Every structure is written in C-alpha cells, then in structure tokens.
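Trainee: have a look; sequence and predicted model below, questions after that.
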Amino acid sequence: MNWVRHTVFTVLPLGLIGCAGPFSAVSEPKPYGPTPTPAQLAWHDREFYAFLHFTTNTFTDREWGYGDEAPSVFHPTEFNADQIVSVLQDASATAVILTCKHHDGFCLWDSAYTTHDVASSDWMDGQGDVVRAISDACALHGMGFGVYLSPWDRNHPGYGTPEYVDYFRNQLRELLTNYGPIYEVWFDGANGGDGYYGGARETRLIDRESYYNWEETFALVRELQPGAVIFSDIGPDIRWIGNESGYAADPCWATYDPKPLKPGGTPAPGATKYQEAETGHRDGSRWMPAEADVSIRPGWFYHESESGRVRSPEELFALYMNSVGRGASLLLNVPPDRRGMIHHEDEASLVEFGNLLRACFETDLAVNATAKATNTRGNSPRFAAQGAIDSERSTYWATDDAVTSAALTLAFSETVTFNIVSLREYLPLGQRVDAWNLDVWVDDAWQKYATGTGIGSRKLIWTAPVTTDRIRLRLDDISTCPAISEFAVHLGPLAQAKP
C-alpha cells in the first residue's frame, strides 16, 4: 500500500479486531458537532495532490489571458500526459486537478459549445484532447482526476448575461460526463472584469452573489458526479485556505461557516471574508475542511524566466508540514512547459520531495512501542490504546464519556530518536480534541515536549530531534471523549521556518 493512501475510514462493527474473543457490546462515542460525508472522508485520505495550469498562457508568457488569443497559439511540441502524471506520482501526489478552462476561455477539450478550444488549434491537427489524455493517465496510474472550470470567461461574448451561465453549465456537463470518475470539481473566486468578450473589449462586472446561482450549479455536480467534492470559497465541501502561499493557520478547524464580504450579503465565490478560512471556526456549523494551494514556481503558468526559481525539495516538505500537518490538504501547482511536459527543474525537485516524504513517513517508530492508556472506553479491546498505533485509521482509542482528563503513553524497549509526531482523530465522529500536550521521559521525569490546539484529520508536530524511551499524549479538560486513530512517531528532515 502506498503510505500516502491510508486505509479508508469505516465505522467498525462489533467483531474480532486484534483480540482472541468477541468485543463486548460497548457503544462507540456519539458524533461531536458536524461530521464529514463519505466523499469528504475519501478526500481527506488524499492529503497531497497536484494542480496543472496549462493553456494559451503557457505560450504567451502570461498569467491571465485576455481572451483574444488565437487557438493556434496553443501548440505543445512533445505533450506527454504519462510523463506529467508519472512525475507527480513519484512526488507522492495522489491526484491531479487540471485547469480545463482558465479565465481566457480556451478549452483543453473539444467543446460542442465553442470553437475557442483545442479542436481549432494546429496541435495534433485539431484532434487532441488534453483533458482526455490527463484523465486516462491518472486512471492508468491509479490517481484521482479533478477538473477546474473557470466561472469567468474573458472570451465568451455573452459573459454577464444569462446566456453565459447556461454555456458554463453546459461545459461543466461535458467535463462531468465524458471523462470518467471525477474526485474534485474546482471553482475559482475570480469573476468579472475586463476582457475580449467576443470583440467588445470592455469591462463587465457581475453580481457575484447572484449571477451564477451556485446552488443549481452545485446540484448539477451532485447529479453527475455524486462521489466528487466541490471546492470554492463557500465549499460546499472543501474551502479555500484564504491564501496562495500553501499554509494553513494553527489551529485549522475543519468546521467553517463562510461569512459574506458585506454586511447583510450572501457568501459567494469571490465575496467572502476569506481570511477567516485560514483558521476555520471551532463552532462552525458545517464540515468544510481547507485546501491550501501554492505553486512550485512564482507564477501559476510556466515561464522560462522562472526556471531558476523552482521551490526546493526542502521547501516543499515544509509546505507539506504546514498544510497537511495542520489538517488541510496541499494542492501543489506544477505547470507543464511549452513541450507539454514537466520541466526538468521541477521534476528534479518533485522526485526528491517524494523521496523525503517516503524516507520520513514510511517508518513509524510507534509500531514497536507498547501503548497504554489511563482509561479505555468500557474496558473494551475495540477502543484500547492499540487502536492508535496499529497503522489503521479505522481503529481508534477512546475513553468513557465521563472522563475529563486522559493520557496515552508509548513505551519503547530502547531509546528512539524522532522529530515528528503525527496525531489523527477518527473523523467519522467529528473533530473532538480542543487542546493537547506531548511529554517525553527525560532524566527519570516527564518533560513537556509540545502543546497545541486541535488535531482533526492530522496534526504533524515538527521539532528538533529528541531521544527518549517514552512519549505521552495528554488530554486535559476534555469536553467530549477523544477518538484518536493515530499516534505515530517519525524521524524526518530537520525543522525549518515556514517557506
């Protein structure tokens, strides 16, 4: 099993798991607050995946196309979807999201609703389909495939009218019915402004709160791809982290309620108090975890002038720790070059980044430890301490409901050296832990090692190396009983500042 693809979440039946006899009929804890859907649980399992920004901008050296670019501009000389996806898989990415249409309106597939697409280019004599090639390569390599469809279109003459909304949904239907299973549908918050608009060359502003009628668009996604999660500033499944620097705040709660930009307004993509998304809301009414997006280069599209400014493997590792390690996912943009391949500078950094991740997380020192808890729910083996160190995210340690303070101790037969601790909660029961402490046994006494707020899908504590034969997770002032599915210990790269 790829170490990134952990066991999927399940609610365990009473039965035989790690013991000689059947479990007693001890009930599991009641869910606490909002809880994730099956699609959100599957999304949590991915943790790190890639963005591909690729369109006419790649060839015009722009970040945002104006919409007047001739389709003939798009002409990758050696397009190779397998090379792209293979490199990303070597980096330990679990999925790919392709910018099928960016703001310039150019479509990377042969859309029945426009001629501003690859079918009108000279590439492959108009027979090419980037969406098909990338989706097929993802399927071949066992990776998820997601689609980005810009709500804004600086090419379409009808943008700003009801006609365009129908056009937008028709293209969304094409993407969601012709390219197999889609795991994530990505909607941008950049909407309205200057553009070509079929030759009008003017500025068109829309009411972001009402123009797209997002509820109908979301319903279309649910109808066509019920297993997909939907990303936008307002979710409804996954929220933008609120920055494009690839980090989440600490803590970063999975629960969140988007706030309107203006008093009395309606939250909408491009019209929220997005800064609050970095932390989320502990008392939020919706399970809407965060996705942290960032580019491996300064820009989102390939620019030859930036080839000497690709993020290093160590910087990528730090991004991972500050996003995945704070309960968000990491969406790393890797723009194909003008050949239609991952540039060799990006490839070298990505491959070494993947090596760093594997070297760190493939070995869990805790699997050889003895786990002991101060309390076990109903004294049942189903909820024993072993459930936190057995490498299965579907098992967990839990306490009795009346417990207000609890601890889980790992004891090693000999001293171990580590600098990363990984904690996870059993998400089907919600985000339950408010605060935690870690202690290590040094000079015959417990010493505080780290302390923090919130755990959720994952908390990675990255410090200077420490050597000990005992480590303790301590939960004080518990408001609801914990459900800890992972208490892992790793030795990885030395900690560094946020990139």
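Mentor: Yep, that arrived. Residues are numbered from 1 along each chain as shown.
Trainee: and the longest strand seen in the chain, what's buried?
Mentor: The longest strand of the chain (DSSP state E) is strand 406-425. Buried residues in strand 406-425, counted by 16 or more other C-beta atoms under 10 Å: 406-410, 412, 416, 418-425. C-betas here are computed from N, CA, C, even on glycine.
Trainee: end-to-end on stretch 63-74?
Mentor: The stretch stretch 63-74 measures 15 Å between its terminal residues, going by C-alpha to C-alpha, to the nearest Å.
Trainee: state the mean pLDDT of it.
Mentor: The average pLDDT for stretch 63-74 rounds to 98.
Trainee: residue ranges in the protein under the pLDDT threshold?
Mentor: For the chain, the stretches with pLDDT under 70 are 1-24, 496-499.
Trainee: how does it divide up, domain by domain?
Mentor: Domain assignment for the chain, taken from automatic domain parsing, gives 38-361, 365-490.
Trainee: that older thread, farthest pair within the buried residues of strand 406-425?
Mentor: By the measure C-beta to C-beta, 406 and 419 form the most distant pair in these, at 25.3 Å.
Trainee: who touches the most centrally placed residue in the chain in this structure?
Mentor: Residue closest to the mean C-alpha point of the chain, counted by C-alpha atoms, centre = their mean, is residue 329 at 2.7 Å. Neighbour list for residue 329: 43, 44, 46, 47, 48, 49, 238, 289, 290, 291, 292, 323 [criterion: C-beta atoms under 8 Å, 6 or more residues apart in numbering].
Trainee: how about 10 Å then?
Mentor: 43-49, 94-95, 184, 231, 238, 241, 248, 289-293, 323, 457-458 (C-beta atoms under 10 Å, 6 or more residues apart in numbering).
Trainee: all strands of the stretch 1-150 of the chain, in order?
Mentor: Listed in chain order, the strands of the stretch 1-150 of the chain (DSSP state E, counting those that start in this stretch) span 48-52, 95-101, 144-149.
Trainee: most tightly packed of the ones you listed?
Mentor: Among these, ranked by average contacts under mean count of other C-beta atoms under 10 Å, first place goes to strand 95-101 (a mean of 27).
Trainee: with just CA atoms, put that one into PDB.
Mentor: Only the C-alpha atoms of strand 95-101 are listed here, as PDB (Å, rounded to 0.1, in the frame of the first residue of the first chain):
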ATOM      1  CA  ALA A  95      -4.400  13.000  -7.700                       C
ATOM      2  CA  VAL A  96      -4.300  15.700 -10.300                       C
ATOM      3  CA  ILE A  97      -6.600  18.700 -10.900                       C
ATOM      4  CA  LEU A  98      -6.400  20.100 -14.500                       C
ATOM      5  CA  THR A  99      -7.300  23.700 -15.500                       C
ATOM      6  CA  CYS A 100      -9.600  22.600 -18.200                       C
ATOM      7  CA  LYS A 101     -10.600  26.200 -18.900                       C
END
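Trainee: just to revisit the earlier point, list of residues touching the following helix or strand past the longest strand of the chain?
Mentor: The helix or strand immediately downstream of strand 406-425 is strand 435-442, counting by DSSP states H and E. Here strand 435-442 makes contact (C-beta under 10 Å, 6+ apart) with 251, 407, 409, 411-412, 415, 418, 421, 423, 445-455, 459, 461, 463, 466-479, 482, 484, 487.
Trainee: show me just the buried residues among these.
Mentor: Taking 16+ other C-beta under 10 Å as the criterion, what is buried in the contacts of strand 435-442 is 251, 407, 409, 412, 418, 421, 423, 446, 449, 452, 454-455, 459, 461, 466, 468, 470-475, 478, 482, 484, 487.
Trainee: re the thing from before, need the domains of the chain in CSV (columns: distance to residue 32).
Mentor: Below are these laid out as CSV (distance: least, C-beta to C-beta, whole Å):
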stretch, distance to residue 32
domain 38-361, 10
domain 365-490, 4
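Trainee: indicate which one of these is closest to residue 27.
Mentor: Closest to residue 27 of those, according to C-beta to C-beta: domain 365-490, at 8.0 Å.
Trainee: quick one: the residue at the greatest distance from the centre of the chain from residue 299, how far?
Mentor: Most distant residue from the mean C-alpha position of the chain: residue 444, 41.3 Å away (C-alpha atoms, centre = their mean). Between residue 444 and residue 299 the computed distance is 55 Å (C-beta to C-beta, to the nearest Å).
Trainee: do residue 149 as well
Mentor: In terms of C-beta to C-beta, residue 149 sits 21 Å off from residue 299.
Trainee: with residue 247 instead?
Mentor: On the measure of C-beta to C-beta, residue 247 and residue 299 end up 19 Å apart.
Trainee: just give me how far stretch 67-80 sits from the chain centre.
Mentor: 29 Å (C-alpha atoms, centre = their mean, to the nearest Å).
Trainee: got the buried residues for that stretch?
Mentor: Quick answer for stretch 67-80 (16+ other C-beta under 10 Å): 67, 68, 69, 71, 73, 74, 75, 76, 79, 80.
Trainee: kindly report the same for stretch 180-196.
Mentor: Going by neighbour count (16+ other C-beta under 10 Å), the buried part of stretch 180-196 is 182, 183, 184, 185, 186, 187, 188, 189, 191, 192, 195, 196.
Trainee: which of the residues you listed fall within helices?
Mentor: Using DSSP state H, no member of the buried residues of stretch 180-196 falls in helices.
Trainee: what ranges does this structure have for its helices?
Mentor: Ranges of helices within the chain are 38-46, 57-60, 81-90, 130-140, 162-178, 214-224, 313-323, 344-361, based on DSSP H.
Trainee: can I get the ones you listed in a markdown table with mean neighbour count and distance to residue 380?
Mentor: Output for the helices of the chain, formatted as a markdown table (neighbours: other C-beta atoms under 10 Å; distance: least, C-beta to C-beta, whole Å):
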| stretch | mean neighbour count | distance to residue 380 |
| --- | --- | --- |
| helix 38-46 | 20 | 24 |
| helix 57-60 | 20 | 57 |
| helix 81-90 | 21 | 40 |
| helix 130-140 | 21 | 41 |
| helix 162-178 | 17 | 44 |
| helix 214-224 | 15 | 38 |
| helix 313-323 | 22 | 35 |
| helix 344-361 | 18 | 30 |
